[in-house]
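S.K.: I would like to see how this sequence folds:
(chains A and B, ligands or ions: 5)
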Protein chains: 2
Amino acid sequence: MSPLRSWFAIPRGSHFSLHNIPFGIISTPSSSTPRVAVAIGDHALDLEAFAAGNGFSALSTIQPSQSVFSQPTLNAFAALGRPVHSAVRKYIQSIFREDTPHPDVLKNNTELQQKALVALKDVRMHLPMQIGDYTDFYAGMNHAYNCGCLFRDPKNALQPNYKHMPVGYHGRASSVVVSGTPVRRPNGQILPNPAAEKKTPILSPCKKMDIELELGAFVCKGNKQGEPLSIDQAEESLFGIVLLNDWSARDVQAWEYVPLGPFNAKNFATSISPWVVLADALEPFRTEGMENDAEVLPYLKEKNPKSVFDIQLQVDLKTKTGESTTICKTSGRHLLWSFPQMMTHHTITGCPLQVGDLLGSGTISGTTASEYGSLLEQSQGGKNAIKLSGGAERYFLEDGDEITITGVCGSDEDALVGFGKVVGKIEPALEI
Amino acid sequence: MSPLRSWFAIPRGSHFSLHNIPFGIISTPSSSTPRVAVAIGDHALDLEAFAAGNGFSALSTIQPSQSVFSQPTLNAFAALGRPVHSAVRKYIQSIFREDTPHPDVLKNNTELQQKALVALKDVRMHLPMQIGDYTDFYAGMNHAYNCGCLFRDPKNALQPNYKHMPVGYHGRASSVVVSGTPVRRPNGQILPNPAAEKKTPILSPCKKMDIELELGAFVCKGNKQGEPLSIDQAEESLFGIVLLNDWSARDVQAWEYVPLGPFNAKNFATSISPWVVLADALEPFRTEGMENDAEVLPYLKEKNPKSVFDIQLQVDLKTKTGESTTICKTSGRHLLWSFPQMMTHHTITGCPLQVGDLLGSGTISGTTASEYGSLLEQSQGGKNAIKLSGGAERYFLEDGDEITITGVCGSDEDALVGFGKVVGKIEPALEI
Ligand SMILES: [Ca+2]
Ligand SMILES: [Ca+2]
Ligand SMILES: [Mg+2]
Ligand SMILES: [Mg+2]
Ligand code: NI
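M.R.: Ligands and ions are numbered 1, 2, ... in the order given. This next block holds a predicted model:
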């Protein structure tokens, strides 16, 4: 596949090539009202302005629904369904193509270019969706195995259910924030001396502040309560994907999580990247996930074994002195379960998914330390120092540390389908 | 305290005496648009109609905000804050009092009576709040102990963290339904032979369908992300309380819950009663919760030890032949933690609560079998038959069974502060 060429200057190496066209919510210095845009190169195309300037004149299907682009979230656009997303994306690609069949729409329309194209550096990004419910899965099998080894033993690292279902738990929708939002180190109950017979917790700033490198999927089509989504239907429910950092307070988690699972350890903040890469844009990067040697129940069986995405993922840690280190490189293929499998399992009991719901994949880790998607795994539970450039070391995050996760599909620098990044910087805990 | 007398006929024994004034969302045959009402005796007072008919002419504080009564949820009213809820409730009480200072508003205004008072039997009730996030706690210590005995042993029945924090987990907001909504038996993964070395799950209709008798609290004042609610502030965040039935698929739960907690076992449906009893109305029924022999951390310490409510709770099971049996009588006092403690703990990490969030108390059980708030406890994990009138027996729920939970405060039949009921009937599982 040769790269699509554009009349518009798209920098080589941009995550937002003409092959991508991700959707997000922007505001700008000239208009603080959040609205829908797509990213193209180092610009945003403001779809509210584009629609107002007759940009969609050659796409009749979207015309009755153009008000979706004036909404402060992508929910209304998402609810139009994948065939419409596909048509809008393809239309925008056609508008930007060198040989566009509609040159008058934008290529030769400098007035609309000036109104609708905004440099990304001047754009403020907002949370892309109104999230009704957020569920975090645990489908990164290497991560689950590594955690199992740390807290149990290698022989029983994976629980008996692990290969039979996408294990997950309900997360906290209200604390999902967009990239760039600072993350305050949480206070919480921790156990200073876990080995003591008498367990005496203290209230303390978290001392084992961690990240989890995940992908997040947004739902564009829900199901009625009581009516599960089949695995085929679930494909139609996948709006698109973002990068997700599931900030985790490991010491809070260790003390609180029995018997009902993680709660405060996870609910203070979850950060996501602002541009939703549509499921369609990821189609060329479908690949097989991790091999499952268990016999999977029929409701979870997929016709197409290529059900996860070959996304190159990277985590960088920048200390407060400004020194940056790549601490993890891994791939989106390290998942045992796909998002459609997660959705199908989520709804098998009849649980209703709704447009805008967010599903986290679970931490994505490869098989060696430099591929681990959490500091817990990299430092082996705080035992081994993680070496940073400039000589610093980390076991867990320190105040002022900034974590950047990036993700990109493809290798042709003129045809990347990238996610941009999700960034979060740790602020000191509140004194209480 | 002698009962308040009304010029309006309030049946003796009504849950909705003049001492109560609970808020809910109604629609009626003449107007299908959901809107705010209060319950009074066996009538609803439609507050949209009441406001439109100058009902609030003698309460200046609410006048700029009267549009809240035309909303399809209580969120906007709740967001006005407890002082306003208090003023509105007292004003409505004053309007209905025999010696009302404002007889022209309603007592002598038959036109407005006809417009605004609707018999409850003609009213359709809706979910009272738009629920952003739902959290289920585990504060019923007898229940936690009983479950611990069933799954571990009496010596280690309570986990070490139990008396130090209100243990909880995030629930599924999208599946909360209002009383009367049928509940379809879920399908899910269960393990037919848990003792076998090789764990081979099947997809099956739940065979251990259970209830959990709980109270639900709605939040009327949130907190900013990163800024915990103190225990005193949390009092101001308690909008009111409803009855809650946390339907539970015990066999699904047993297989799925390790290590991240309950997920599909709980996310197919949670039923709540439709009338929110305001925190103010419950003030006279404050009482001490269960004794905590652990040293509680300062952030969870309450000035007033009377922080739970003396609510008489009852569960009735009606089989499909119409035979009804009271299977549980207990009290809201069987909680180790209060709702303000739950809110404070929930936010200690900085997790943002929002107006409309729902907190479940955890299953409320007394100390004997007839006081247990779940069938799991009553049947000792399915070992002992629960005897029903008419000779039937139950271990768990069968198709066609209807569960009704009622709750009421007080003993003076003319001054009850009751919750009405939450009802749900089990429909057969979908064939898949
Ligand atoms: Ca996670
Ligand atoms: Ca519960
Ligand atoms: Mg999180
Ligand atoms: Mg439930
Ligand atoms: Ni009447």
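S.K.: and the nearest residue in space to A:Pro228 that is not next to it in sequence, how many neighbours?
M.R.: In space, and not counting its chain neighbours, A:Pro228 is closest to A:Thr347: 4.4 Å by Cβ to Cβ, 6 or more residues apart in numbering or on different chains. From N, CA and C alone the C-beta is placed, and that goes for glycine too. By other Cβ atoms under 10 Å in any protein chain shown, 26 other residues sit near A:Thr347.
S.K.: which residues touch A:Thr347?
M.R.: A:223, A:227-229, A:353 (Cβ atoms under 8 Å, 6 or more residues apart in numbering or on different chains).
S.K.: try A:Thr61
M.R.: A:84, A:87.
S.K.: same question for A:Ser17.
M.R.: So A:Ser17 contacts A:3-4, A:10, A:41, A:414-418 (Cβ under 8 Å, 6+ apart).
S.K.: A helix includes A:Gly424, no?
M.R.: No. Read with DSSP: H, G, I helix; E, B strand; the rest coil, A:Gly424 is strand and lies in no helix.
S.K.: A:Asp401 versus that one, what's the distance?
M.R.: 9 Å (Cβ to Cβ, to the nearest Å).
S.K.: settle it for me: which of the two has more neighbours?
M.R.: A direct count of neighbours by other Cβ under 10 Å for A:Gly424 and A:Asp401 places A:Gly424 higher, at 24 against 21.
S.K.: ok, that one - contacts?
M.R.: A:177, A:179-183, A:245, A:247, A:269, A:271, A:402-403.
S.K.: highest neighbour count among the contacts of A:Ser17?
M.R.: Busiest of these [other Cβ under 10 Å] is A:Gly418, holding 26 neighbours.
S.K.: what about that one, which SS state?
M.R.: Per three-state DSSP, A:Gly418 ends up strand.
S.K.: which residues does the closest residue to it other than its chain neighbours contact?
M.R.: Spatially, and ignoring its direct neighbours in sequence, A:Gly418 is nearest to A:His15 (2.4 Å; Cβ to Cβ, 6+ apart). A:His15 makes contact with A:39, A:406, A:408, A:416-420, according to Cβ under 8 Å, 6+ apart.
S.K.: taking those together, which two end up most distant?
M.R.: The distance between the two most remote of the contacts of A:His15 (Cβ to Cβ) is 14.2 Å, for A:Ala39 and A:Thr406.
S.K.: neighbour count for these two, which is higher?
M.R.: Between A:Ala39 and A:Thr406, counted using other Cβ under 10 Å, the more crowded position is A:Ala39 (26 against 20).
S.K.: give me the phi and psi angles of that one.
M.R.: Backbone geometry at A:Ala39, expressed as degrees, to the nearest 10, gives phi -100, psi 140.
S.K.: tell me the helix or strand right after the host helix or strand of A:Leu112.
M.R.: Following DSSP states H and E, one finds A:Leu112 within helix A:110-116. If you walk from helix A:110-116 toward the C-terminus, the next helix or strand you reach (DSSP H and E) is strand A:117-119.
S.K.: any idea where the strands of the stretch 251-400 of chain A begin and end?
M.R.: For the stretch 251-400 of chain A, the strands defined by DSSP state E, counting those that start in this stretch cover A:270-272, A:277-278, A:286-287, A:308-309, A:312-318, A:324-331, A:358-360, A:386-387, A:393-394.
S.K.: actually the stretch 1-150 of chain A, not the one I wrote
M.R.: A:23-28, A:31-40, A:43-46, A:117-119, A:124-126, A:134-137.
S.K.: which one is the closest residue to ligand 4 within chain A nearest to, not counting chain neighbours?
M.R.: At 9.6 Å from ligand 4, A:Cys351 is the closest residue in chain A, using Cβ to the ion. Spatially, and ignoring its direct neighbours in sequence, A:Cys351 is nearest to B:Asn267 (4.1 Å; Cβ to Cβ, 6+ apart).
S.K.: what about the one you found, how many residues nearby?
M.R.: Neighbours of B:Asn267 (other Cβ under 10 Å): 28.
S.K.: now for it: which residues touch it?
M.R.: A:170, A:346, A:349, A:351, B:171-172, B:175.
S.K.: swap in A:Lys329?
M.R.: So A:Lys329 contacts A:312-315, A:366, A:370-371 (Cβ under 8 Å, 6+ apart).
S.K.: which parts of the stretch 301-432 of chain A sit against ligand 1?
M.R.: For the stretch 301-432 of chain A, no residue is in contact with ligand 1 (Cβ under 5 Å from the ion).
S.K.: okay, A:Glu288: pLDDT?
M.R.: pLDDT, A:Glu288: 98.
S.K.: any idea how far the residue in chain A that ligand 1 sits nearest to is from A:Gly171?
M.R.: Across chain A, the shortest distance to ligand 1 (Cβ to the ion) belongs to A:Asp246, at 3.8 Å. A:Asp246 is 8 Å from A:Gly171, where distance means Cβ to Cβ.
S.K.: between those two, which contacts overlap?
M.R.: In contact with both A:Asp246 and A:Gly171: A:136, A:266, A:270, A:360, using Cβ under 8 Å, 6+ apart.
S.K.: can you name the two of those that are farthest apart?
M.R.: Across the shared contacts of A:Asp246 and A:Gly171 (Cβ to Cβ), the longest gap, 9.8 Å, separates A:Lys266 and A:Gly360.
S.K.: ok, back up a step: can you redo the contacts of A:Lys329 as JSON lines with neighbour count?
M.R.: Below are the contacts of A:Lys329 laid out as JSON lines (neighbours: other Cβ atoms under 10 Å in any protein chain shown):
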{"residue": "A:Gln312", "neighbour count": "18"}
{"residue": "A:Leu313", "neighbour count": "24"}
{"residue": "A:Gln314", "neighbour count": "16"}
{"residue": "A:Val315", "neighbour count": "23"}
{"residue": "A:Gly366", "neighbour count": "19"}
{"residue": "A:Ser370", "neighbour count": "12"}
{"residue": "A:Glu371", "neighbour count": "19"}
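S.K.: could the contacts of B:Asn267 go into JSON lines alongside distance to B:Leu74?
M.R.: Conversion of the contacts of B:Asn267 to JSON lines gives the following (distance: Cβ to Cβ, whole Å):
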{"residue": "A:His170", "distance to B:Leu74": "23"}
{"residue": "A:His346", "distance to B:Leu74": "28"}
{"residue": "A:Thr349", "distance to B:Leu74": "28"}
{"residue": "A:Cys351", "distance to B:Leu74": "24"}
{"residue": "B:Gly171", "distance to B:Leu74": "19"}
{"residue": "B:Arg172", "distance to B:Leu74": "20"}
{"residue": "B:Ser175", "distance to B:Leu74": "19"}
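S.K.: just the buried subset of the residues you listed, please.
M.R.: The neighbour count (16 or more other Cβ atoms under 10 Å in any protein chain shown) marks A:170, A:346, A:349, A:351, B:171-172, B:175 as buried among the contacts of B:Asn267.
S.K.: please enumerate the helices of the stretch 251-400 of chain A.
M.R.: Remark: helices assigned in the stretch 251-400 of chain A by DSSP state H, counting those that start in this stretch are A:279-282, A:339-347, A:375-378.
S.K.: nearest to A:Ile432, out of those?
M.R.: Nearest of the helices of the stretch 251-400 of chain A (Cβ to Cβ): helix A:375-378, 24.6 Å.
S.K.: restrict that closest one to CA atoms and write it as PDB.
M.R.: Extracted in PDB, the C-alpha atoms of helix A:375-378 (Å, rounded to 0.1, in the frame of the first residue of the first chain):
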ATOM      1  CA  LEU A 375       7.000  -0.200  37.300                       C
ATOM      2  CA  LEU A 376       5.800  -2.900  39.600                       C
ATOM      3  CA  GLU A 377       7.000  -5.400  37.000                       C
ATOM      4  CA  GLN A 378      10.100  -3.500  36.000                       C
END
